[in-house]
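Engineer: Following is a predicted model, sequence given first.
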Amino acid sequence: MKHFEANFDGLVGPTHNYAGLSFGNVASYNNAAQHSNPKAAAKQGLQKAKALADLGMVQGVLAPQERPDLSTLRRIGFSGTDVQVLSDAAKQAPALLNSCCSASSMWTANAATVSPSADTRNGKVHFTPANLVDKLHRSIEPLTTGNILQATFNDERHFQHHHHLPEHAHFGDEGAANHTRLCSDYGHAGVELFVFGQSATQANMPKPAKFPARQTLEASQAVSRLHQLDEESCVFMQQNPEVIDLGVFHNDVISVGNQNVLFYHEQAFLDTQSKFDEIRRKMNTNVHFINVATEQVAIADAVKSYLFNTQIITLPNGNMAIIAPSDCQENPAVHAYLNELLTLNTPIKQVLYFDVKQSMQNGGGPACLRLRVAMNEQEVAAVNQHTLLNDDVFNRLNLWVDKHYRDQLAVSDLADPQLLIESRTALDELTQILKLGSVYQFQR
Ligand SMILES: NCCC[C@H](NC(=O)CCC(=O)O)C(=O)O
């Protein structure tokens, strides 16, 4: 049986904006209050996804969330007509309105943690939506994320969906952005590497001083239990808290893995060598640990260029390619490093650059924009086929963006009742294109 690693990219929603909501995410803070370009953002994402489909990869899309999120605004006491709710929130609590308008669900690496069937005891693909409790604007995502995942992977013979973890800092969970699976082949049992920022219970373990550690050890352990993973196929590793304080708010800003490659910065982890020994022992096969030294690329350059927020993919011919943001080309140290990487004897033979600047300006690179789901051919066939990107779906989605998205959006536009209507109209049509059923509150 053939096996694939599918990428499901998050479609950028019609309210894509820069409100500076993510403390600890340098790009989000630095670009606060800039005008955004929702139409360009959605098209940049679609281009990148389509390029992977054209390379022969299995590529899908995940629908964005309903924003403005009127049900959250009502839950916190705003009432009356929808127009009333928006205008009262804009006057009385503009920060809350902004939190209810973020298009942050586009970063589907934070949608969920996924374990492929080869790793799980019951032989199903397991999904746990991330609770994203560290940020208010993201903590309102998991229920709808669960609906969208169930409508996309909608066959219980193959897919098992869990509820997100309890909504408390103890179980802070950011999904696949802190999870990498290493394996010799996508269809073989692998080692799932869970990277956490802090422990909620062990007071003696190090913590960042300035910025929040969004993922806890306890959350990662809970997900590994839910997913029926064996202890012998899991490794829990702590991210270096010093780099969190330098803007590395998710592990996928400082390392990325694919099959038997782990590409990482030398400052990424704590106890690096002993943990790598554990990975080697549990993998039982040769692993390429590609270490980038600080003197080659400083943390500040890694954070600015998103060198590690690249996707490493295995092409149908068996070679690996890096999908990088064009920001990596523009940073001299990083560009020089990537050119050199291709001359080293690693499985990575190619680098492809994509302009995803609209997403980058909110701290999301190519890897943030996708959720990886390794599947065999039966499982791929069981996916909702309307969510898989081919020429037809790509063209329909581009036309859909042209029809419904604004060219430009300012944070002050978020209270515009017309934006709510545009957004709902767009999403209602999208659920028909992707045949998702009624996944949104406004449709229920
Ligand atoms: N994996 C990349 C996630 C980026 C995301 N940015 C944001 O939410 C920015 C939203 C804003 O500032 O409007 C985050 O920090 O969780």
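Structural biologist: Noted; the coordinates are in hand.
Engineer: Show the pLDDT at the residue in the chain sticking out farthest from the centre.
Structural biologist: In the chain, residue 80 marks the outermost C-alpha relative to the chain mean, sitting 35.1 Å out by Cα atoms, centre = their mean. pLDDT for residue 80: 98.
Engineer: What separation is there between the residue nearest in space to the middle of the chain and the ligand?
Structural biologist: Nearest to the geometric centre of the chain sits residue 109, at 1.6 Å (Cα atoms, centre = their mean). Counting by Cβ to the nearest ligand atom, to the nearest Å, the gap from residue 109 to the ligand is 5 Å. C-beta here means a position set from N, CA and C on the backbone, and glycine is covered the same way.
Engineer: Just to be sure, residue 379 is in a helix?
Structural biologist: Yes - under DSSP: H, G, I helix; E, B strand; the rest coil, residue 379 sits within a helix.
Engineer: so who does it touch?
Structural biologist: With contacts defined as Cβ atoms under 8 Å, 6 or more residues apart in numbering, the neighbours of residue 379 are 117, 125, 158-159.
Engineer: Apart from its neighbours in sequence, what residue is nearest the residue nearest to the centre of the chain?
Structural biologist: Leaving aside its chain neighbours, residue 109 sits nearest to residue 177 (4.4 Å; criterion: Cβ to Cβ, 6 or more residues apart in numbering).
Engineer: Check the contact between the one you found and residue 111; I expect there is one.
Structural biologist: No - here residue 177 does not reach residue 111: they are 9.6 Å apart, not a contact under Cβ atoms under 8 Å.
Engineer: coming back round to it: let me know the closest of the contacts of residue 379 to residue 52.
Structural biologist: Checking the contacts of residue 379 against residue 52 by Cβ to Cβ gives residue 125 as the nearest, at 19.9 Å.
Engineer: Show the residue spans covered by the helices in the stretch 101-250 of the chain.
Structural biologist: With helices called from DSSP state H, counting those that start in this stretch, the stretch 101-250 of the chain shows them at 136-139, 142-152, 217-226, 241-244.
Engineer: And those helices: which comes nearest the ligand?
Structural biologist: Relative to the ligand, the nearest member of these by Cβ to the nearest ligand atom is helix 136-139, separated by 5.6 Å.
Engineer: send the alpha carbons of that closest one over as PDB?
Structural biologist: The C-alpha coordinates for helix 136-139 follow below in PDB (Å, rounded to 0.1, in the frame of the first residue of the first chain):
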ATOM      1  CA  LEU A 136      -7.700  35.000  23.800                       C
ATOM      2  CA  HIS A 137      -8.100  35.400  20.100                       C
ATOM      3  CA  ARG A 138      -7.000  31.800  19.500                       C
ATOM      4  CA  SER A 139      -8.800  30.200  22.400                       C
END
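Engineer: Remind me what it packs against, helices and strands.
Structural biologist: helix 94-99 (3 or more Cβ pairs under 8 Å, 6 or more residues apart in numbering; DSSP states H and E).
Engineer: Show me what counts as buried in the helix it packs on.
Structural biologist: Neighbour counts over helix 94-99 (16 or more other Cβ atoms under 10 Å) mark 96-99 as buried.
Engineer: Same check on stretch 406-423?
Structural biologist: If you call a residue buried by 16+ other Cβ under 10 Å, then stretch 406-423 has these buried ones: 406, 409, 411, 413-416, 419-420, 422-423.
Engineer: Show me those that map onto strands.
Structural biologist: Using DSSP state E, no member of these falls within strands.
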